[in-house]
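Visitor: predicted model, plus sequence, below.
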Amino acid sequence: MAFAARLGPLAEELVESLGFPAARNNPRAARAARDVALQGLKSHTYLRTNHFDVEHRLNGLEERFRVNHRESLADALRQRLNALQREPEPWLPEVLSLLLELSDQPTFKSRLSDLDSLKEDVVEPQASLRWEDISKEDGWDHDPNLWATARYSDSSDDDVGDELDDDDDTTSSSVDAETIQRNPDNLTIHAEDTQLLEGVREAQSWRRAVPEKDASGSTRKIAVSEIHVLREVLFMLQGLETTMFNADVSVKPAFQVSHLAWETHKASLNAFAEYGRHLHLLREFAQQSQGAPLLQIFQDCIAERLQSFDAKVAQIEACFVDPSNHVIVSLLSIMADLEPLLAPLTTVADIVIRFRATPRSNSFRYLELLFDEASLAQLTCKHTTYEFLARIFLECFAVYVRPIRQWMDRGRLFSEDEMFFISNASGQVPLSRTWQDAFELRKNPDGTLHAPRFLQPTVNKIFNAGKNIVVLRQLGENQTVGFQTVEEEPRLDYESVCSQDSELAPFTDLFDTAFERWIQSKYRKTSSILKNVLYGKCQLPSHLDALQYLYLMSNGFAAISLWGEVFGDLDALKPGWHNRYALTGLAQDAFASLLDASRLTVAVGGAGRELSSEAARDSVKTALPYIAISYRLAWPLQMIISEESLAHYQSISTLLLQIRRAQHALQKLSLTKSYWMEEASWEESALYYSSRNTLSWFLTTLQTYVSTLVLAPNTQTMRLELASAPDVDAMAAIHTSATKRMVDEACLGSRLTPIRECILDVLDLPIKLQQAHAGLEHTAELDESGTSQPVLGDAASRRETLEGIRADLDRHLRFICGGLRSVAGASSGSGAAKWDMLAEMLQDGSRG
């Protein structure tokens, strides 16, 4: 968190140093540039530059040079890259990455001649001044006495000179002899305080001592003072080599504190050795090379805690090395002082052991272990360990949050980040399936979510927040989202999550509350923006109205205008009644004033087109189910109105169409007609009018039930729930569940299949009654003209037809009412109550 706090001033300094023209005199533009730079730095998942990515970009740049016929520039680039590879530097990837970021269209703006300006100017070396050259110029280079040894004496006697020569030779010989006889002993500085040195050697003599055997043959222990044992223990805890402990931090049995019993000595040192083994494990783990940033931050936290522990041990050592007051040398006292520091480190070491046993792909496993151990330490009142583990957890979690922040703020994923639980779906995905199929949650081989357990309750919100940004970007509305800077979002450090006024709350609840607040700061805003775009720019309410006009026949005039023409063609046995262009034209004319008619098409399925005209006319179950209404929705609305929902709409539309077909046939039967009144007996007339009246009541009741008790309340409830839905997933679920509920309550569910078939049989009876009436009328007309004899005109045939229709109607009504009551009694919910109400309505009509 301290590192994050330093990034703000650094980002501001970076913007000022680059000197953007727009930011010089505009504080708002400078602040925006600072926020963009800071967001990029904080969302960067790598602690170091990815050298593989830099190499890939340089290779791509070379290839782009060659594609654009700039081979000379590509060759120069490759030559210098090869030279850099022969002499690697630790910060070379960072330097190359900076150059790539600073480049501006290098393919077109780079010139090979610019390399000449980088070359250093060749300066001809100037000849150095030498004595030989000077002597040649002055002419004294051939003087024989020039290099003669000078004699300095008060006398000019030659004998004195000879004596001096002899003395010089003797002195030179003695100096050479002394130089030849020099050895390391001549260079050694002998200490003056030999007594102190002997005292030190005597004090450390136990290190070289050899265990002796007593009279019984048992090996005696080497007696060691407690101060030396204490020194060895402190060195061992710091990871240094010691005499009393082996390389694996086990106690050597050859030594014993002089004033302690062997069992006491053994127990004390074994306790320290156990702590030492855990510390050794932590030091070994901290020195390993890790590529994942999530593991690097864990190593850094461990190394920082070990450094703090070593500093504390050094303070204890200083008390014994240079005591200012009276100091008691005691292993038990040191154990009491160090145990509060060693206990949390031991817990972390146990976490490392358990983490190493997990698959390499689950690099976040140690976060789960830290979270669980911190919660357990709080429950067991180990407050020091709890704070120690909670701080490490939150510092490491700050790195794990980086891809989450990038996804929720930008809607982007890091290409090589396998620790994140969201991934891109394979293959191309159409725009209409962006929300459902463009991204997926990564799963483990056992089917569990590839995310820490403590995050799984919030995974869906994280997932949807990023998808909100993706959809807004595809709609061109992502600029409406104001991204938060790291300073503006809620903090997730220890002081913010585990504040002092919430010490009694469980750590799990504290973290869940803080992280939920962090998510809501990003999630609620993007969800509301996308919802406003769907309602405003994409006109979701208007398209819902269009679906109700087309499928639910909420506008009766438009529905009658379309389907009345279709029913007339069916009655007239026109072979082209199913022509898709004619049907589409009729539909577009009928609904032109209500919706965008260009989105509307009506067609009949293949099996429906193969039916004969008579078969299509004679039953509501033959041709009408194959009539398909298609309304083309914009791709953002298809995220909410799914294919499943459209199938539900189509089922309801088919039922309403079948009801209207039966009503159309029944309306063609007039109440007063001469033939029936003149030729039929009173019993036949009563059967006819009774059947017609009961069928009319049944159709009106069924139409009222579906429209008033099923469609109207469900559509109204759906509109209200959609308006209050938090996100696209909730809106899609609300719409799908509403259409599914309409289908079930309209007796179109799988549980009511026999009842639905019986209802359709009743809907066929008006067509049969119409055909019987048409046959009788036609026979009567032929009989009056004298051209034919009546076929159905006799009383027996008329009576048999009417009695059959009436018997079928009564039988079907009894089955429908009884079946609805039985299913309603065995079910629960609003559907059961409505089925029972429908049965009551139909039964009242049949009694009348």
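Guide: Thanks, I have it.
Visitor: how many neighbours does the closest residue to V620 other than its chain neighbours have?
Guide: What sits nearest to V620 in space, not counting adjacent residues and going by CB to CB, 6 or more residues apart in numbering, is Q658, at 4.1 Å. Using the backbone N, CA and C atoms, a C-beta is placed for each residue, glycine as well. Around Q658 there are 20 other residues, counting by other CB atoms under 10 Å.
Visitor: within the helices and strands, which one has Q658?
Guide: The secondary structure element spanning Q658 is helix 643-667 (assigned by DSSP states H and E).
Visitor: could you list the buried residues of that helix?
Guide: By neighbour count on 16 or more other CB atoms under 10 Å, the buried set for helix 643-667 is 645-646, 648-666.
Visitor: what do you get for stretch 450-463?
Guide: When neighbours are counted by 16+ other CB under 10 Å, the buried residues of stretch 450-463 are found to be H450, A451, P452, F454, L455, T458, K461, I462, F463.
Visitor: taking the residues you listed one by one, which sit in helices?
Guide: K461, I462, F463 (DSSP state H).
Visitor: let me have those in TSV, extended by distance to P403.
Guide: Formatted as TSV, those follow (distance: CB to CB, whole Å):
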residue	distance to P403
K461	15
I462	10
F463	13
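Visitor: which single one of these is nearest to Y535?
Guide: Here the nearest of those to Y535, counting by CB to CB, is K461; it sits at 21.0 Å.
Visitor: pretty sure the closest one contacts Y523?
Guide: Yes: when contacts are counted by CB atoms under 8 Å, K461 is listed as touching Y523 (5.1 Å).
Visitor: output the below-cut-off pLDDT ranges for the stretch 651-800 of the chain.
Guide: Along the stretch 651-800 of the chain, the model assigns pLDDT under 70 to residues 670-682, 774-796, 798.
Visitor: run the last query once more with 80
Guide: 668-687, 771-799 (pLDDT under 80).
Visitor: do a quick rundown of the helices in it.
Guide: 674-679, 682-704, 712-724, 728-745, 753-785, 795-825 (DSSP state H, counting those that start in this stretch).
Visitor: out of the buried residues of stretch 450-463, flag the one nearest to L14.
Guide: I462 (29.9 Å).
Visitor: give me the distance between the residue nearest to S250 when sequence neighbours are not counted and R305.
Guide: By the measure of CB to CB, 6+ apart, the closest residue to S250 outside its immediate chain neighbours is A273, 6.2 Å from it. Counting by CB to CB, to the nearest Å, the gap between A273 and R305 amounts to 20 Å.
Visitor: same thing with L550?
Guide: Taken as CB to CB, the spacing of L550 relative to R305 amounts to 68 Å.
Visitor: deepest of the helices of the stretch 651-800 of the chain, which one?
Guide: Sort these by mean neighbour count, taking mean count of other CB atoms under 10 Å, and helix 728-745 sits at the top with a mean of 20.
Visitor: and that helix, what other elements does it pack with?
Guide: In terms of contact count using 3 or more CB pairs under 8 Å, 6 or more residues apart in numbering; DSSP states H and E, helix 728-745 is assigned the packing partners helix 459-474, helix 507-535, helix 643-667, helix 712-724, helix 830-847.
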